[in-house]
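Peer 1: Any chance you could fold what I've pasted below:
(2 chains)
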Amino acid sequence: MTAMAGAIARGEVGGRLWFYANYHCNLRCTYCLTESAPEVTRRELGREQIVERAREGRELGFTALGVTGGEPFVLEYMPELIAALGSELPTIVLSNATVFNDRRLREMEPLADLPVQVQISLDRPDPDDNDAMRGPENFRKVVEAVPKLVERGIGVRIGFEQLEPELTLTADGAFYSPFAPTVRGGELDTDLLVSRTTKPVREPAEMLARIAGSRPAGNDASIGIR
Amino acid sequence: MTNSWAHVRAETVARADASVVALIDAEQAPILARPYYAGEGPPSPITASLAHVPEVLEATLPFVGRILGPTAIDLRAKEIVILRTSALMECRYCVEAHTTVALDSGLSVGEVCALRGEREVEAVFTNRDELALISWVDEVALGRGAAPEDITARAREVMGDPELVEMTLVVAATLMLNRYCSALGLPTSAATLARLAEEGLA
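Peer 2: This next block holds a predicted model:
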C-alpha cells in the first residue's frame, strides 16, 4: 500500500486527485479565489500531463479525480479529456455552465456512459443576487444548461462543500486542497503549497500524506485554510 | 600568500537594493517550510527564498546546517573556511553574515579582516594548522582541476582524512551558497548590519 493509499484509508486525506486545468475563465466573479478572468494568464496544466498524472494517481491509490480552474470548458479539448479521465476513475469537473452551446453539448454526450459528473457553480437562489457576483445573465444561463446536460444523461450536481486535504495539481505546483491555490492581487498564495514538483505524482502525494498524518486534530484553521 | 584579491572588499560593500526574488514571509510560508519559520524574528533570507520550493528547502537547510553547523570540527576552524571562501567568491551577503558568526566563534577582528582580504593572512595568522587550512581553502575555492602537490601535502600534514573530507565539503557547500546568495541578491539583515557597524566592519 502506498503512503497516499494508507492516508486515504485512514481518512487523513481525501481520495480525490484534483487538477487545475487552467486559470482563465469567461467570467469575472467578484469573489473568485483565483482571480480568474478572461485576460489572466492561462497557466494551463496540459491535456497529456493531466491524463498521465491521473493514471499515476490511480496506481497510487487515489479513488476519484476532479478538474477545476478557471473555467475548464473554455479549453477546446475538455470533453475529450474528461472522457479520458472518466475511463480511469470517477471524475467531477467544476464548471460555471455558461459555455455549453449546442456543439459543446454534443461533444459531451459520450460522458453519459462514464462515471462523470459536472458540478455547476451557482451562488445564490435569487437571480439578481447571483448575477451581481457572477455577471449578467449568469443565473439564466446556468438554469438553462442544467436540463440540457441531464437530458443527455450527464450527471449534474450543484454545491461544493468538502474542505478535507485533497492533492491538487496546478501549473504552479501541488497544493493542499482545491481551495489552496488562491490568488490575491495577481500574486499566487503559497501558504498551502505542498511542492513545486508535480511529476511523478508520488512525490507531492507522499508529502501531502506526511502533512495530513501529522496535522493536529481539529479544523483546518490550524494550518491556515482561508 | 598574496593578497591579490583585495578588490573583493570594495565589491562586497556594493550591495543590491533588493532581492531578485520575493522573500516569503511567515504568513505565506508553505506548510512544510513553516518549521523553519518557528524561531524568533524573521526567517533568514536564505530560508525565505528557498520557501518558494518547499521540497527543496526541506532537503537544503538540513544539508547546509549539518555541514556548516557544529560537528567534530570546531566552529572557529569552520568559520575560517566559510568566511575565507565567501570573501574569495565576493559574496556580499555571506561575508557580512559570517563576519559576525566568525567573531562569535572566537576569531579576532584582525583575523576576520585578513580572511576578508583586508590584511595579509600571514601577518595575522601564525598557527601552522590554520595557515595550511587557509591555503587549502584558497586552492579548493579558486583552483581548477587537481590541487597542486605542495598545497595538498601541506593540508595532509595537518588534517587526517575525516577532517580533509569535511573541510573540503565546507568549502564546496559555501561556494554553493555564495553563488546562490549573490545571484539572487539576498539582503543582509538589519541586525547583522548593525553588528558590523558596531564592530567597525561595515
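Peer 1: Beta-bridge partners for the most centrally placed residue in chain A, please?
Peer 2: With distances taken as C-alpha atoms, centre = their mean, residue A:68 lies nearest the centre of chain A, 2.7 Å away. Applying DSSP bridges to residue A:68 gives these bridge partners: residue A:20.
Peer 1: Any figure for the gap between it and residue B:107?
Peer 2: 56 Å (C-beta to C-beta, to the nearest Å). The way it works is simple: take the backbone N, C-alpha and C, and place the C-beta from them, glycine included.
Peer 1: secondary structure element for residue A:118?
Peer 2: In this assignment (DSSP states H and E), residue A:118 forms part of strand A:116-120.
Peer 1: and that strand, average pLDDT?
Peer 2: For strand A:116-120, mean pLDDT is 93.
Peer 1: Stretch A:26-43 too?
Peer 2: Rounded mean pLDDT across stretch A:26-43 is 90.
Peer 1: List the contacts of it.
Peer 2: For stretch A:26-43, contacts defined as C-beta atoms under 8 Å, 6 or more residues apart in numbering or on different chains pick out A:20, A:22-25, A:69-71, A:74, A:96, A:98-99, A:123, A:132-135, A:138, A:170-172, A:179, A:181-184, A:186.
Peer 1: same thing but 7 Å
Peer 2: A:22-25, A:69-71, A:74, A:96, A:98-99, A:133-135, A:171-172, A:179, A:181-183, A:186 (C-beta atoms under 7 Å, 6 or more residues apart in numbering or on different chains).
Peer 1: Now do the closest residue in space to residue A:79 that isn't next to it in sequence: how many residues are near it, please.
Peer 2: Spatial nearest neighbour of residue A:79, chain neighbours left out: residue A:107 (4.1 Å); criterion: C-beta to C-beta, 6 or more residues apart in numbering or on different chains. Counted with other C-beta atoms under 10 Å in any protein chain shown, the neighbours of residue A:107 add up to 19.
Peer 1: Can I get the strand or helix carrying residue A:107 in PDB, CA atoms only?
Peer 2: Taking DSSP H and E as the definition, one finds residue A:107 inside helix A:102-108. What follows is helix A:102-108, C-alpha atoms only, in PDB (Å, rounded to 0.1, in the frame of the first residue of the first chain):
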ATOM      1  CA  ASP A 102     -25.000  23.000 -28.900                       C
ATOM      2  CA  ARG A 103     -21.700  21.900 -30.300                       C
ATOM      3  CA  ARG A 104     -20.200  21.600 -26.800                       C
ATOM      4  CA  LEU A 105     -23.200  19.700 -25.600                       C
ATOM      5  CA  ARG A 106     -22.800  17.200 -28.500                       C
ATOM      6  CA  GLU A 107     -19.100  16.800 -27.600                       C
ATOM      7  CA  MET A 108     -20.100  16.000 -24.100                       C
END
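Peer 1: buried sites along it?
Peer 2: Residues of helix A:102-108 classed as buried by neighbour count (16 or more other C-beta atoms under 10 Å in any protein chain shown): A:105, A:107-108.
Peer 1: now those residues in JSON lines, with distance to residue A:151 and pLDDT?
Peer 2: Formatted as JSON lines, the buried residues of helix A:102-108 follow (distance: C-beta to C-beta, whole Å; pLDDT from 0 to 100):
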{"residue": "A:105", "distance to residue A:151": "9", "pLDDT": "93"}
{"residue": "A:107", "distance to residue A:151": "15", "pLDDT": "94"}
{"residue": "A:108", "distance to residue A:151": "11", "pLDDT": "94"}
